[in-house]
Structures are given as C-alpha cells and as structure tokens.
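> all I have is the shape, not the residue letters:
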C-alpha cells in the first residue's frame, strides 16, 4: 500500500468535515435523482410471459406474490449457451451475478413488508436453477424464463443475429461486446388494482453498483475496491474462494 499522509486528530477532523459537506451534497442529489426516477413514465406490459418455479408454471402477475411492486434481478445463467465467452458454467450462474444475488439474499423479508417482492429470473431450466439455489443457500424466489421472450424483451439476452451483426442493444445503446449472449440487469414492475402490469424502470451495467452493498463497504476502506485493471476477476461464487 502506498505511503499515505498522517496528521493530527484535529487536522483529521477538519478534513473530515470538508468531505462531509460533499457527502451531504451527494445525498441531496441522490434523493433528487430518486424522486425523478419515481416520476418516470410507465409502459404497460402487454405480453403474457410465463415462468417455471417451485410452484410450476407461473405468469408475470403471479411473480408479484400478492404484492403490488416487483423487482427482478436478471441473472446470467443459461447452460445451453455456456462456453469460453461466458462467466457461467453448465451448473452455476455468472460469478458476478452470484455476487449480486448474495447481496440481496436475506433482505427480502424487509422488502416484503414494504409491498415489494424481490426475485431473480434466468434463462436456465428450472432444475438447474433450483440446484444452484440450494447450493448457495438462498431463500429468494428464482424463476426460469426458458422458452419466453422475457429476457430478450428486457434487453439482457441477445439473439445470434444481433451478436453476429454487432447490434447488441444493451444499456440503452449498441454495445460493443457482441460475443456475449447475456448480460445482467434489474427491472421493476408495478401491478395496479385492476390487474394491469406496468414496467417502471430498468438499469444495467454500472447502474447496478448502487445495489451491491458489499461494494459500498469496500468504498469505505483505505484500499477501496482494489480492482485495478482486472475488474471483477477477484470475485468467486461464495463457495469457490480458497480457504
């Protein structure tokens, strides 16, 4: 670790107060951004999507599980396309997605009490999903969208034709990593009292940073994320880190 400036306690407090002013400004801007996000227009969901889960075939409406708000984590896991260009295998999701799912496992009970259902969706067949969910010890619902347009419509899965043409539409623009058949994201839905479902928000790529509490703790410590140019190459699935 590089040599760092060391000062007296009083100097430290003064520096901390100056930084606190910037933190407070960021907090106010974040609150404003959150308000503006909630004020974005909605799109009514017209398609009848189906999913496979522990209760069999379910509709998008069923995934709300009696609540009016639904947050879906789009997890990269499709054994049928696993290969050298992917970060998942035939029996496990993307290591990065596993990291993110670790971050919301355990908080779903709190979300449920705020009228929010949290679930994950992947293109893998449900038996593969169920097996890895058991391996990881996760309690949140995780569904298969195999055979559905869901992942493609919400721009986290890409067709062979899109990839071949270099026209992968991800994160609201054409993305150069056309070799990838899947990417990660989060989508939010609302169900009205009359049963209509609306898509209210989706975020991708670095937009997911704010939803990974582990990264926020790393940002507090002197070394920060300490990833350098290697990105997330340090991340492992929870049971794959060396002893």
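Great, that's in hand. From a predicted model like this one, the values you see are computed outputs, not experimental measurements. Numbering: from 1, shown residues only.
> how many residues are close by the residue lying closest to residue 212 once chain neighbours are set aside?
Computed as CB to CB, 6 or more residues apart in numbering, the closest residue to residue 212 that is not its neighbour in sequence is residue 103, at 5.1 Å. The C-beta positions use only the backbone N, C-alpha and C, and glycine is treated the same way. Other residues near residue 103 number 17, with proximity taken as other CB atoms under 10 Å.
> now swap in residue 220 and tell me
Other residues close to residue 220 by other CB under 10 Å number 7.
> measure it to residue 204 for me?
25 Å (CB to CB, to the nearest Å).
> what residues does the strand or helix carrying residue 152 touch?
Residue 152 is located in helix 150-153, with elements delineated by DSSP states H and E. With CB atoms under 8 Å, 6 or more residues apart in numbering as the contact definition, helix 150-153 has outside contacts at 47, 49, 51, 60, 74, 121, 123, 145, 157-159, 182.
> again, 10 Å this time
45, 47, 49-51, 60, 72, 74-76, 78, 121-123, 143-145, 156-159, 162, 181-183, 185, 187, 199 (CB atoms under 10 Å, 6 or more residues apart in numbering).
> tell me which residues in that helix are buried?
150-151 (16 or more other CB atoms under 10 Å).
> any idea which helix or strand comes after it?
helix 160-164.
> what mean pLDDT does that following helix get?
Averaging the model's pLDDT scores along helix 160-164 yields 86.
> what residues sit buried inside it?
Buried, per 16+ other CB under 10 Å, within helix 160-164: 162-163.
> give me the helices and strands touching the very next helix or strand once past it, please.
Sequence-wise, the next helix or strand downstream of helix 160-164 (DSSP H and E) is strand 168-169. Contacts defined by 3 or more CB pairs under 10 Å, 6 or more residues apart in numbering; DSSP states H and E place strand 168-169 against strand 174-175.
> now the strand it packs on: average pLDDT?
80.
> contact partners of the helix or strand of the chain with the lowest mean pLDDT?
Of all helical and strand segments in the chain, the minimum by mean pLDDT, DSSP states H and E falls on strand 174-175, at a mean of 80. The contact list for strand 174-175 (CB under 10 Å, 6+ apart) reads 155, 158, 162, 165-169, 183, 204-205.
> distance from the helix holding residue 152 to the middle of the chain?
15 Å (CA atoms, centre = their mean, to the nearest Å).
> tell me the mean pLDDT for it?
96.
> ok, stretch 9-26 next?
Per-residue scores along stretch 9-26 average to 96.
> hmm, back to that, which among the contacts of helix 150-153 end up buried?
45, 49-51, 60, 72, 74-76, 78, 121-123, 143-145, 156-158, 162, 181-183, 185, 187, 199.
> thought residue 237 was touching residue 92?
Yes - assessed by CB atoms under 10 Å, residue 237 is found in contact with residue 92 at 6.1 Å.
> all strands of the protein, in order?
All strands of the chain, identified by DSSP state E, fall at 43-44, 50-53, 56-59, 69-74, 116-122, 142-144, 168-169, 174-175, 185-191, 197-204.
> any idea which of those strands gets closest to residue 7?
Closest to residue 7 of the strands of the chain, according to CB to CB: strand 197-204, at 39.2 Å.
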